[in-house]
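K.L.:
Got a sequence here, can you build the structure:
(2 chains)
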Number of protein chains: 2
Amino acid sequence: MSSDGGSGVRGPYAKGVQRRQEILDRTLDVVATRGIDGASLRAIGDAIGISHAALRHYFSSREALLLEVLRQRDADSVARVADVDGVLPRMAASADHNVSVPGLVTLYTTLLGVSVAAGNEESRAFFTERFELLRADLATQLRDELASSGRYSDADLEQVASLIIAAFDGLQVQWLLDRRIDIAGTLRLLERVL
Amino acid sequence: MSSDGGSGVRGPYAKGVQRRQEILDRTLDVVATRGIDGASLRAIGDAIGISHAALRHYFSSREALLLEVLRQRDADSVARVADVDGVLPRMAASADHNVSVPGLVTLYTTLLGVSVAAGNEESRAFFTERFELLRADLATQLRDELASSGRYSDADLEQVASLIIAAFDGLQVQWLLDRRIDIAGTLRLLERVL
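P.N.:
You can find the predicted model right below:
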């Protein structure tokens, strides 16, 4: 993990990290604005103006690059809605943003879909870990929210967390196929589950 | 079971329908028991003991065959839970059955995932129509259930229908990645939305 392409500048590791991040940012931008669908790693390189060899230096495969794009998107998403009060309003705010970047929602949906089939172990590991962390995180957020508002719920908060994530993913798929679906408005119905 | 394949037996159309159904049933059975993942149409033919040419006679592509398998599964599923009282108990009963046939859940999830990307128009049309019909059907069932039990709900029943389907799909994905997920139990939380 230490080359900047062999140019010998100072801090090759720092340069490499920076270059890798730049590739991620550009790919994310291309996916968000134009979509990516079946594009190969080479085609992605063409679209972001990076040679195939350079891309391969930082990402071992198309799958590896695209999963990192999703990881970056998750981090961006958390930061974007951090100031919104309440778990479901935060999820609704994320959904409202997502409808402006259908290419990223498509990428997420297709990678998730294929991750459950044999032979996509990298995607499977990514999504398995993502859901596990997200469920635990949302359950904690729900617990804190109930406690701080003095409310009580007899619902299993791990189950509620799992339900919110499932509804979010499922509504996005329906929305990709029919733009009349109101993801955020429908998610807000889940307030009633608590 | 002989194919009519131009052999001039009586009722070739009826024979053809029967043969097509037999292929569907066998494919569904193989998917349910062994899974199918990336198998080609030829490999599917090998698995069910049908020549590639015969398969191609009834189904124009792998995608066409597998979408028909999903259509058959939906019909089977409706019939299986028809006697269960209540929309959410019916959905929970379907979920309970589905966990016994993970290969079919995997097939559904992967085809749905790729349907949203460009170049899979047949899958896209199938799922778009499926969701539209399912939402309308569930909303009607919810309306009837509320009316017959004298309950009132201020929730938008089309939205509730969309939410139930989304939660079902999303929970199945989480379950495929982590068998500790309780799809049916989590779906029942949605009773509270009404």
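K.L.:
so the closest residue in space to A:Asp182 that isn't next to it in sequence, which of the three states?
P.N.:
Spatial nearest neighbour of A:Asp182, excluding adjacent residues (C-beta to C-beta, 6 or more residues apart in numbering or on different chains): B:Gln159 at 7.1 Å. Bear in mind the C-beta positions are built from the backbone N, C-alpha and C, glycine included. Assigned by DSSP: H, G, I helix; E, B strand; the rest coil, the conformation of B:Gln159 is helix.
K.L.:
And the residue of chain A found nearest chain B, how far from B:Val160?
P.N.:
Closest residue of chain A to chain B, C-beta to the nearest C-beta: A:Gly113 (1.2 Å). For A:Gly113, the distance to B:Val160 equals 25 Å [C-beta to C-beta, to the nearest Å].
K.L.:
do A:Arg34 as well
P.N.:
Taking C-beta to C-beta, one finds A:Arg34 at 35 Å from B:Val160.
K.L.:
same check, this time on A:Tyr58
P.N.:
Counting by C-beta to C-beta, the gap from A:Tyr58 to B:Val160 is 45 Å.
K.L.:
ditto for A:Glu122
P.N.:
Taken as C-beta to C-beta, the span from A:Glu122 to B:Val160 is 37 Å.
K.L.:
more neighbours, those two?
P.N.:
Neighbour comparison, A:Glu122 and B:Val160: the larger count goes to B:Val160, with 21 against 15 (by other C-beta atoms under 10 Å in any protein chain shown).
K.L.:
which residues touch the more buried one?
P.N.:
By C-beta atoms under 8 Å, 6 or more residues apart in numbering or on different chains, B:Val160 lies in contact with A:189, B:138-139, B:142, B:153, B:190, B:193-194.
K.L.:
just the buried members of the residues you listed?
P.N.:
A:189, B:138-139, B:142, B:190, B:193-194 (16 or more other C-beta atoms under 10 Å in any protein chain shown).
K.L.:
Okay, buried residues for the helix ranked longest in chain A please.
P.N.:
Longest among the helix segments of chain A by residue count, using DSSP state H, is helix A:121-148. For helix A:121-148, a neighbour-count test (16+ other C-beta under 10 Å) marks A:123-124, A:126-128, A:130-131, A:134-135, A:138-139, A:141-142, A:145-146 as buried.
K.L.:
near chain B too, which of those?
P.N.:
A:124, A:127-128, A:131 (C-beta under 8 Å from any C-beta of the partner chain).
K.L.:
Now do the same contact list for the spatially closest residue to A:Arg151 that is not a sequence neighbour.
P.N.:
Excluding the flanking residues, the one nearest A:Arg151 by C-beta to C-beta, 6+ apart is A:Leu194, at 7.4 Å. Residues near A:Leu194 by C-beta under 8 Å, 6+ apart: A:142, A:146, A:151, A:153, A:155, A:160.
K.L.:
low-scoring stretches of chain A, by residue?
P.N.:
Across chain A, residues meeting the criterion (pLDDT under 70) sit at A:1-10.
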